[in-house]
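Chemist: Please find the sequence and the predicted model below.
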Amino acid sequence: MAALAVRATRQLGTLTLGVLLLAFSVGPAAQGEYPFRNSTLPIEARVTNILSLMTLEEKLACLTTSTAVPRLGIPNAGNSEGLHGLVRRETADRPGVPTTSFGQVVGMGATWDRALIERAGEVQGDEARYITQHDKVPVLVVWGPNADLSRDPRWGRNEESFGEDSFLTGTLSAAFVRGMQGTDPKFWRAASLMKHFLANSNETTRGSSSSDFDERLFREYYSVPFRLGFAAGARSFMAAYNAMNRVPMTVHPVLNDVVATEWGTDGIVSSDTRAIPLMVSAHKYFKTENDAIGAAIHNGINQILWPRVDIPQVARAALDAGAFNEPELDRVLRGKFRTVIRLGLLDPPD
């Protein structure tokens, strides 16, 4: 185990979660300033208060990967890839952070060992919490596990999947989620964002392909790993590039009808990278990017991944064009702030 894991374990062995949250407190005056700081209120009441206080520009800014509202003292929960270890490589604006690297996911799947996979998720969650506090780099929303099924040896992400069997993949995905998020009845150690929903196992045309199958295959095979992961506590996920039965997953009704309504997911719902413009250029499903953005928000997307694009600016253009409205934006952003609250980032240290 890497030195960081040992260091994190020592720290976490002596610190309670309440102490870990100390880094996110914003001072006695600010803690009592707004109702959303009142930890005795229900989550929905706290989220409603947050949205009532935010400007339109602040809401549009939260369509990125950030949850920060600096004016209100709401921090960014941060994010990191985390399939078999947190990815904290060096960039131009931050140093790299060494983390524990486990075997590739397909190798972990070959163990058939739920307890071992849960322990790996726990170490990853511990490190996410430690890095967020100690190194002041927020990484509490972890993009993993990958609950996709490995259906084609030519797929470029085979090593990210536990395997082709839906029960095995779902069982181990659920174990990883439980380990990462922890067992505290109120607070999460870190937040699992599962990916890539759904039937995402084609490589060469993944931005335009359609995975076509009937309701039985959906219920009994492709969706099983995600359903088990959500049942284990995950509340966030990423929609896949591909379509399902000719409808791009980013705007597929199943995200609301099944994932949200039946399975109770109510956290971060992310597009994949550039999935929004690909619905215009590759899928040919929409004529304009404004239409694609509006449809994604209608469908519950509250995090848009689109490198080298000013997301608040393009979202504002879509809003001004009538593709969506502010009440719809409020509805989808609730999931981001539920996640912030479940991570304990708005509660006092005690």
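Modeler: Yep, that arrived.
Chemist: Locate Gly264 within the secondary structure: which element?
Modeler: Using DSSP states H and E, Gly264 maps to neither a helix nor a strand.
Chemist: what's the pLDDT at it?
Modeler: In the prediction, the pLDDT value recorded for Gly264 is 96.
Chemist: burial count for Glu326?
Modeler: When neighbours are counted by other Cβ atoms under 10 Å, Glu326 registers 12. All C-beta spots, glycine's among them, are computed from the backbone N, C-alpha and C.
Chemist: before we move on, what about Gln104?
Modeler: 15.
Chemist: and the nearest residue to it once chain neighbours are set aside, what is it in contact with?
Modeler: Closest residue in space to Gln104, ignoring its immediate chain neighbours: Glu159 at 4.5 Å, by Cβ to Cβ, 6 or more residues apart in numbering. Glu159 makes contact with 104-106 under the criterion Cβ atoms under 8 Å, 6 or more residues apart in numbering.
Chemist: all strands for the stretch 201-350 of the chain, in order.
Modeler: 210-211, 236-239, 243-244, 247-248, 269-270 (DSSP state E, counting those that start in this stretch).
Chemist: Make TSV from those and add mean pLDDT and distance to Val224 to it.
Modeler: Below are the strands of the stretch 201-350 of the chain laid out as TSV (pLDDT from 0 to 100; distance: least, Cβ to Cβ, whole Å):
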stretch	mean pLDDT	distance to Val224
strand 210-211	96	15
strand 236-239	98	14
strand 243-244	97	15
strand 247-248	98	21
strand 269-270	98	20
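Chemist: Using CSV, please lay out the ones you listed together with mean neighbour count and distance to Pro185.
Modeler: CSV is the format used below for the strands of the stretch 201-350 of the chain (neighbours: other Cβ atoms under 10 Å; distance: least, Cβ to Cβ, whole Å):
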stretch, mean neighbour count, distance to Pro185
strand 210-211, 18, 37
strand 236-239, 26, 19
strand 243-244, 21, 35
strand 247-248, 21, 37
strand 269-270, 26, 24
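Chemist: which ones among the contacts of Glu159 are found in strands?
Modeler: Taking DSSP state E as the definition of strands, the contacts of Glu159 contribute nothing to them.
Chemist: Those into JSON lines, with extra columns for distance to Leu172?
Modeler: Compiled in JSON lines, the contacts of Glu159 are given as follows (distance: Cβ to Cβ, whole Å):
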{"residue": "Gln104", "distance to Leu172": "13"}
{"residue": "Val105", "distance to Leu172": "9"}
{"residue": "Val106", "distance to Leu172": "11"}
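Chemist: What is the burial count for the closest residue in space to Asn302 that isn't next to it in sequence?
Modeler: Excluding the flanking residues, the one nearest Asn302 by Cβ to Cβ, 6+ apart is Val332, at 4.1 Å. Using other Cβ under 10 Å, Val332 has 22 neighbouring residues.
Chemist: For Val332, which residues are in contact?
Modeler: 269, 297, 300-302.
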